[in-house]
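Participant: Could you look at this predicted model? Sequence included:
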Amino acid sequence: MKLQLILALLSTTVLSALASDVSNNNKEGSIDRKEVYGGGAPNPLLPPGGGGNTNIITWNNEHYKFNGQCDLVMMKDDLFADALGLQVHIRTKMVDYWSYIKSVAIKIGKDTLEIEGSADAKDDQEHYWINYDYQGDLDTFAGFPVTHMVSPTHEREYMIDLNDDAAIVVQVYKQFVRVKFIGDEAVFGSSVGLLGNYKTGKALARDGATSVDDLTTLGDEWQVLPYERRIFREASRPQFPELCIKPKDPRGQRRLHLAKSAISYAQAELACFTVMSDPLSIKDCVNDILANQDLDIVGAY
């Protein structure tokens, strides 16, 4: 499993070079992907979790986007590890009409790990706090082994090994944070939150019974509430009862942004197709590249 995770971190420099070979005049659907790459990248599906421009992947492999700024319950499982308990909160940040995951806080038992990215191109530091200690000893977390890797291309990866081929993986690319959950029902079977209910696959409200048909509203349902206790080191606006900050006229802003785009859809699609083959993940990746105007954003996947 570790080898697969390492292989997933491809060089963003190489990806940029590949994508730059595609003309800006290419239109959507003009690339013969199978001819160029022999069928696409080897990993068909990204694990459940979230990253990029707050693209969420549920346990059922449904993809949805949350555009807003607030603290959210990505996942919680009170029965995790013989009732040791697991909470994973994400903090999103608005940029124009979209948002991204700025940081993640993970609590297992009494231990807390917070990880965030940095938009500073000269920043080569790892930004994490274990039990609120900046860059503290991270060989283990809550009794589970931790491996962390650093690359010269603004990439970081932290893997909490939960044993039995299960893990929580946090990947950081520049300011973007991605969280992945690898494991079966024995590990995450009682979890709820943004990823839905593990056992049923349904997106449920906090009452555990009401189905949420419009996944784009699921984030509002799972904003961190006061009784859940903040596990981030510091509070950041908004905190409930102030609701998540939403973009004004996101469709209009998106149209204006894309009209000025220096990167074509074909360029973005080619870069994304190099690292993944799942159509839903490719769509997420393409939208993120066009929003950020950065082909290297594939590093966030």
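Facilitator: On my side now, so go ahead.
Participant: Please export the alpha-carbon coordinates of stretch 187-196; CSV is fine.
Facilitator: The C-alpha coordinates for stretch 187-196 follow below in CSV (Å, rounded to 0.1, in the frame of the first residue of the first chain):
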residue,chain,number,x,y,z
VAL,A,187,-12.0,0.4,10.3
PHE,A,188,-14.5,3.2,9.2
GLY,A,189,-17.8,1.3,9.4
SER,A,190,-19.5,3.7,11.9
SER,A,191,-18.3,6.9,10.3
VAL,A,192,-20.6,9.9,9.4
GLY,A,193,-20.0,13.3,8.0
LEU,A,194,-19.2,14.9,4.6
LEU,A,195,-18.3,11.4,3.2
GLY,A,196,-21.8,10.0,4.0
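Participant: What segments of the stretch 151-300 of the chain are strands?
Facilitator: Under the criterion DSSP state E, counting those that start in this stretch, strands of the stretch 151-300 of the chain are mapped to 155-163, 166-173, 176-182.
Participant: So which of these is nearest F66?
Facilitator: Of all the strands of the stretch 151-300 of the chain, it is strand 176-182 that lies closest to F66, at 13.4 Å by Cβ to Cβ. Backbone N, C-alpha and C define where each C-beta goes, glycine included.
Participant: Can you tell me what sits against the helix ranked longest in the chain?
Facilitator: As assigned by DSSP state H, the longest helix anywhere in the chain is helix 279-292. The contact list for helix 279-292 (Cβ atoms under 8 Å, 6 or more residues apart in numbering) reads 45-46, 52-53, 55, 57, 61, 63, 65, 96-98, 254, 257-258, 261, 263, 265, 267-269, 271-273, 275-276, 295, 297-298, 300-301.
Participant: and those residues, which are buried?
Facilitator: Buried by 16 or more other Cβ atoms under 10 Å: 46, 52-53, 55, 57, 63, 65, 97-98, 254, 263, 265, 267-269, 271-273, 275-276, 295, 297-298, 300-301, out of the contacts of helix 279-292.
Participant: I115 bridge partners, please.
Facilitator: V104, Y128 (DSSP bridges).
Participant: Run a quick check on it versus V169, I expect a contact.
Facilitator: No: applying Cβ atoms under 8 Å, one finds I115 not in contact with V169, separated by 10.9 Å.
Participant: Overlap of the contact sets of these two?
Facilitator: Y158.
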